[in-house]
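> Any chance you can model this:
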Amino acid sequence: MADYNFLLPKKSIHIAIFTGGAYPDPSVTTMYWQTHIPQYVIAADSGLDTIRRYADFYADRIDFTPQKILGDFDSLSNKDILIQYPAGIVERFPSDKDWTDTELAFDRAYKIAEKQRAVPFITLVGGDGGRLDHLLAIYDTFSSVHHAQVWLLSSQALYYVADGTTVEISHLTKDQTVSVARTTVSRTGGTLVSNGLKWESNVFRVEGMPSLSNRISDEYAESEKPVTISAYGMPVLLIIPYTAEVRFLLKENQ
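Numbering: from 1, shown residues only. Model (predicted):
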């Protein structure tokens, strides 16, 4: 699905965070986990319910046992399941707090990576649907220092594309959509360059969503060439179907 190795010149650690809300069926994420096996797993509140389903589905193939469980647990299906895990990995918070359970999980992920003198690569699973304010809160995290590199939603995957980065998107079909969004701190500015889309970057919007429901061009689809998108002067969020494969190219200054 994606290769972020070039972004991590130092030792890296892949941390998977499962949070509450709608999430992708485990069966549609098999391609992703084949190349992104998590080294550390965090459950944020009812994300523990999601983890348990993923653990059952992947069984002996991938270990989704949580190493940290945190939250106020107001949305957990059954609080009794917490006793099945070591008390030392469970961190409880009050319902009335300044940060969401997902934001607390990001904070813990960065601290875990720091202790290992590593750069965190974070995959966030869930957080889709339900309350709009929760969805917007996660979207807003992509403008902060602590954010995910990949967000696996119910029916699409979202990738954080750093400033100065080029992505190659393969295995797109003519009926599948590619959208590019800005983060909450960059409604305008920056430059995007694309090759292989039906509507190229010269007609991208200069404000708000640069490209909504774009598609691969007939030429690129028939020749099976990968679409490329480059971001300069700003990070962007790439939203694509699960069946597409994403490869990140070296930054120009590396």
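> Show me the shaky parts of the chain.
1-10, 250-254 (pLDDT under 70).
> longest helix of the protein?
helix 101-115 (DSSP state H).
> just checking, what packs against that helix?
Counting contacts by 3 or more Cβ pairs under 8 Å, 6 or more residues apart in numbering; DSSP states H and E, helix 101-115 is packed against strand 12-18, strand 40-44, strand 68-71, strand 119-125, helix 132-141. Where you see a C-beta, it was placed from the backbone N, CA and C, and this is true even at glycine.
> The second one: what's the following helix or strand?
The C-terminal neighbour of strand 40-44 among helices and strands, as given by DSSP states H and E, is helix 47-58.
> List the buried residues in that next one.
Gly47, Leu48, Asp49, Thr50, Ile51, Arg52, Tyr54, Ala55 (16 or more other Cβ atoms under 10 Å).
> surely the last one meets Leu48?
No: here Ala55 lies out of contact with Leu48, judged by Cβ atoms under 8 Å, at a distance of 10.3 Å.
> Pretty sure Leu237 sits in a strand.
Yes: assigned with DSSP: H, G, I helix; E, B strand; the rest coil, Leu237 falls within a strand.
> wait, what's in contact with it?
Phe142, Leu158, Tyr159, Tyr160, Val161, Val180, Ala181, Arg182, Thr183 (Cβ atoms under 8 Å, 6 or more residues apart in numbering).
> Show me the beta-bridge partners of it.
Tyr160, Ala181 (DSSP bridges).
> Distance of it relative to Glu114?
Going from Leu237 to Glu114 by Cβ to Cβ, to the nearest Å gives 25 Å.
> Was I right to think Ile216 contacts His171?
No: assessed by Cβ under 8 Å, Ile216 is found out of contact with His171, at 9.8 Å.
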